[in-house]
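# I need the structure of the sequence given here:
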Amino acid sequence: MLLPLITFLPLMGMIGVLIIPGHRHKVIRAFTVLVTAVEFLLTIWLLLAFDRTGIKYDPNNVKTWFDTKTAISYQWIEGLHINFSMGVDGISVILIFLTGLLSFLAVFSAFTINKQVKGFFALYLLLMTGMMGVFVSLDFFLFYVFWEIMLLPMYFLIGIWGGPRREYAAIKFFIYTLVGSVLILIVVLAYYFQAAKQGYPQFAFNIPELIRLQPFGHFRDAAGHIDKLQLMLFFGLFIGFAIKVPIFPFHTWLPDAHVEAPTPISVILAGVLLKMGGYGFLRINWPLLPEVAHYLAYFMAALALVNIIYGALCAMAQSDFKKLVAYSSVSHMGYVLLGIAVLNTEGVNGAVFQMFTHGTSSAMMFLLVGVLYERAHHREIARFGGIALRMPVYFALAMVGFFAALGLPGMSGFVSEVMVFLGGFKGQTMITALATIGVVFTAGYILWAIQRVFLGKLKPEYENYPDCNKWELISLVPLAIASILFGVLPGLAIGVFTSSTELFVNFINSFPK
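Next comes the predicted model:
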């Protein structure tokens, strides 16, 4: 029962928070830290217990695609063949670990929240349940339920505890995400009716079985063009997941949400929620419609190129420190789509590792911006300068976070980007060659930000700023260690999911291009 425990422990924690009297702020914070700490320990347990050698590609036995030791399945709604099915492979395990890590560390940055503390931490724990549920669900209906659960707490966490334009940002996030959810729901229903039509309604919501059985067939006309219905199904899923990533042109909600969200929510948004879109590509979108994935490979790679270049240029143009980091996420998530689009082992391994490394580096960058905002109460890059002289510990941690995002050799971001490029040059040589320009632009906006914020003469208004306190160090130091550790020893993470990515590539490439 490890997977249900990981999923529903935060929900039980939310109930505990609601029971605690609202004025007991310290108790609420301490209890939330305890719940997230136990949750993180459970994700470590899952990581250690996961049998990566048991993941094998068998076209006729979907059970070998997932860890059989932890998988469970119970009948939920009998008449509709909806089951409470949970299971993990290497891709979901590494993302569950990332979610547990960031959820625990982000709590400490929430200690500055003084308005409606009880409501904030209750919604925070509910959000954790939704995130964990997405990564463990093997039933389409259950997946959709958890996907929607995330929407409500995130809306309120931005709309109540956010910045001056919080209502606008929250509504924009809600509308974008809801549109994507509706498109996903339409595809879910299409597969439900098609499975019943093909004579196996018992598998109507079973994601692995739907992938194996391919209920819509492999339709191509004489000219080799994909059936229009399959194209519509693919783009229904793609847009729904692309909004979360986000992929251009569905990205415009992200900068507003990041800028207005409180620091811990920006950490979760960048570190985990964006990864759910990439996870949706790998778990559902590409495997359900593999021939369409081959057909659109060049288009997807070109879209990834736009994300990489456009996001980097937008980041370079920002005057708001937090908005710069937000647009950097748009750029870095483009590497994820590029790695998936090339459909080879190196590229997909790089995409998954990029999701993990970007989760740690982007979370660290948002925490760093939050530390500075708590002291300056503004994020205007031009108004800073010389911060390194007054806050040396903060500056040292900032260099680790920013250089990890830049992709400096020895840092985790370097390995993931190189893996994507290795796969990209095999699959989409010209587009990948153009995508390398994004590395130069990334170096440009990060080095320019470092120069303007941290270097130069210290301005008088910052002379009395204290360095990092203990809570800030608790949040930042583990991420700094992770950025270096997984840069020096990337196999610690890659070894977890490589068998699953090989399975993904073998399955997709078993279909005609």
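# and the closest residue to Arg375 other than its chain neighbours, which of the three is it?
Nearest residue to Arg375 in three dimensions, chain neighbours excluded: Tyr465, at 4.9 Å (Cβ to Cβ, 6 or more residues apart in numbering). Where you see a C-beta, it was placed from the backbone N, CA and C, and this is true even at glycine. Following DSSP: H, G, I helix; E, B strand; the rest coil, the label given to Tyr465 is coil.
# all strands of the stretch 351-500 of the chain, in order?
Secondary structure of the stretch 351-500 of the chain (DSSP state E, counting those that start in this stretch): no strands present.
# Could you list the low-pLDDT ranges of it?
Along the stretch 351-500 of the chain, the model assigns pLDDT under 70 to no residue.
# For Met305, report the pLDDT, please.
If you look again at residue 305, you'll see it is Leu, not Met. Listed pLDDT for Leu305 reads 95.
# contacting residues around it?
Neighbouring residues of Leu305 by Cβ atoms under 8 Å, 6 or more residues apart in numbering: 334, 338, 431, 434-435.
# same question, Phe421
350, 432, 435-436.
# now do Val369
263, 321-322, 325, 379.
# what number of residues lie near the residue nearest to Arg375?
Residues lying near Tyr465 (other Cβ atoms under 10 Å) number 16.
# Ser109 versus that one, what's the distance?
Distance of Tyr465 to Ser109, given as Cβ to Cβ, to the nearest Å: 17 Å.
# Likewise for Met150?
Applying Cβ to Cβ to Met150 and Ser109 gives a distance of 20 Å.
# Thr68 falls within a helix, correct?
No. Looking at Thr68 with three-state DSSP, it is coil, so not inside a helix.
# Excluding sequence neighbours, find me the nearest residue to it.
Computed as Cβ to Cβ, 6+ apart, the closest residue to Thr68 that is not its neighbour in sequence is Gly54, at 6.5 Å.
# Quick check: that neighbour touching Trp65?
No. Counting by Cβ atoms under 8 Å, Gly54 stays clear of Trp65, with 10.0 Å between them.
# residues of stretch 21-33 that come out buried?
By neighbour count with 16 or more other Cβ atoms under 10 Å, stretch 21-33 contains the buried residues 25, 28-29, 31-33.
# Just give me how far that stretch sits from the chain centre.
28 Å (Cα atoms, centre = their mean, to the nearest Å).
# repeat for stretch 378-397
That offset, for stretch 378-397, works out to 28 Å (Cα atoms, centre = their mean).
# Pull out the buried positions in it.
Those would be 379, 381, 384-388, 390-391, 394-395, 397, for stretch 378-397 by 16+ other Cβ under 10 Å.
# and of those residues, the nearest to Ala480?
Leu397 (5.4 Å; Cβ to Cβ).
# I figured the closest one hits Leu368, correct?
Yes. Between Leu397 and Leu368 there is a contact under Cβ under 8 Å: 6.9 Å.
# Identify the contacts common to these two.
When contacts are counted by Cβ under 8 Å, 6+ apart, Leu397 and Leu368 are jointly contacted by Leu476.
# Nearest residue to the middle of the protein?
Central residue of the chain (Cα atoms, centre = their mean): Lys275, 1.8 Å from the mean position.
# Find the nearest non-adjacent residue to it, please.
Met355 (4.6 Å).
# give me the number of residues near the one you found?
When neighbours are counted by other Cβ under 10 Å, Met355 registers 30.
# how close does it sit to Arg165?
Separation of Met355 from Arg165 (Cβ to Cβ): 29 Å.
# what's the answer for Phe121, then?
24 Å.
# With Tyr310 instead?
In terms of Cβ to Cβ, Tyr310 sits 23 Å off from Arg165.
# and if you look at Lys275?
26 Å.
# before we move on, what about Lys69?
48 Å.
# returning to that earlier point: which one of Tyr310 and Arg165 has more residues nearby?
Using other Cβ under 10 Å as the criterion, Tyr310 and Arg165 rank with Tyr310 on top: 19 against 12.
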